[in-house]
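Asker: Need coordinates for the below:
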Amino acid sequence: MIIFLSAAQAIAEIPPDDDAPPSFEVKERAPWKEQGAGLPSYPSESDLIPVEIDVPGSRLEAFLDKSALSVGDDNVVRYVLVLKSTSGADNVLFEGIRCEYKEYRTYALGTHDKRLDPGAETAWMPLTKLGVDRYRYQLYKNYFCDVPSKPFPKHKILEFIKHGQVDDDQ
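Answerer: Predicted coordinates:
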């Protein structure tokens with residue numbers, strides 16, 4: 001004998017696991033919180049590695065302080081960059097790049113007496129492909145970030161810099 005049940009009868013025959021209705025819990029992301037950025041030491045020449053950046057009309061050479069490079073638990077890549085001009089002047093910047101939001105922040109600037117001064121700390125600003133600040137975008141895109149969201153680990157960033165990992169879309 002063959003018995004045909006309607007869909008409603010078939011569902012009624014299945015005993016529930018428990019009396020509670022199914023719930024779909026949506027977990028909200030905790031708000032992002034920046035971790036503290038302690039000042040690194042002023043860069044030593046022996047820790048500087050050349051970084052290929054292209055800023056049209058500029059004769060600056062860029063060097064990253066490998067000892068100051070870090071990737072924080074807050075997903076910010078913090079670095080000290082030395083921009084050397086052909087006249088011999090050095091611009092030293094301690095900055096952070098937040099990959100997820102394509103932002104940068106300056107924490108401190110180098111002084112003539114070879115120290116980092118946090119008096120220049122700024123708010124988070126959007127990265128731009130234009131002008132003299134273009135180097136930050138190139139660091140973001142070519143070396144620091146697994147575009148569009150997460151930073152690479154420190155060892156990977158150093159590997160990209162050493163081997164000239166450069167993207168054509170600058």
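
Asker: first to last residue in stretch 54-63, what's the distance?
Answerer: The separation between the terminal residues of stretch 54-63, taken as C-alpha to C-alpha, to the nearest Å, is 13 Å.

Asker: Just the buried positions in that stretch, please.
Answerer: Residues 55, 58, 60, 62-63 are the ones in stretch 54-63 that count as buried (16 or more other C-beta atoms under 10 Å). Where you see a C-beta, it was placed from the backbone N, CA and C, and this is true even at glycine.

Asker: any chance of the residues you listed in JSON lines, plus pLDDT, secondary structure and distance to residue 36?
Answerer: Formatted as JSON lines, the buried residues of stretch 54-63 follow (pLDDT from 0 to 100; DSSP: H, G, I helix; E, B strand; the rest coil; distance: C-beta to C-beta, whole Å):
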{"residue": "55", "pLDDT": "70", "secondary structure": "coil", "distance to residue 36": "31"}
{"residue": "58", "pLDDT": "74", "secondary structure": "coil", "distance to residue 36": "33"}
{"residue": "60", "pLDDT": "84", "secondary structure": "coil", "distance to residue 36": "30"}
{"residue": "62", "pLDDT": "92", "secondary structure": "strand", "distance to residue 36": "26"}
{"residue": "63", "pLDDT": "95", "secondary structure": "strand", "distance to residue 36": "25"}
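
Asker: Sort out which one of those lies nearest residue 128 for me.
Answerer: Nearest to residue 128 among those, counting by C-beta to C-beta, is residue 55 at 11.9 Å.

Asker: Counting neighbours, what do you get for the residue lying closest to that closest one once chain neighbours are set aside?
Answerer: If the residues on either side of it in the chain are set aside, residue 55 comes closest to residue 134, at 5.2 Å by C-beta to C-beta, 6 or more residues apart in numbering. Residue 134: 18 surrounding residues under other C-beta atoms under 10 Å.

Asker: Quick check: residue 149 vs residue 138, distance?
Answerer: Between residue 149 and residue 138 the distance is 18 Å, computed by C-beta to C-beta, to the nearest Å.

Asker: And those two? Which one has more around it.
Answerer: For the pair residue 149 and residue 138, the greater number of neighbours falls to residue 138 (21 against 11), based on other C-beta under 10 Å.

Asker: for this protein, what spans make up the helices?
Answerer: 7-13, 134-139, 154-162 (DSSP state H).

Asker: Got the confidence number for the closest residue to residue 139 other than its chain neighbours?
Answerer: Of all residues beyond its chain neighbours, the one nearest residue 139 is residue 97 (6.4 Å), with distances taken as C-beta to C-beta, 6+ apart. Confidence at residue 97, expressed as pLDDT, is 96.
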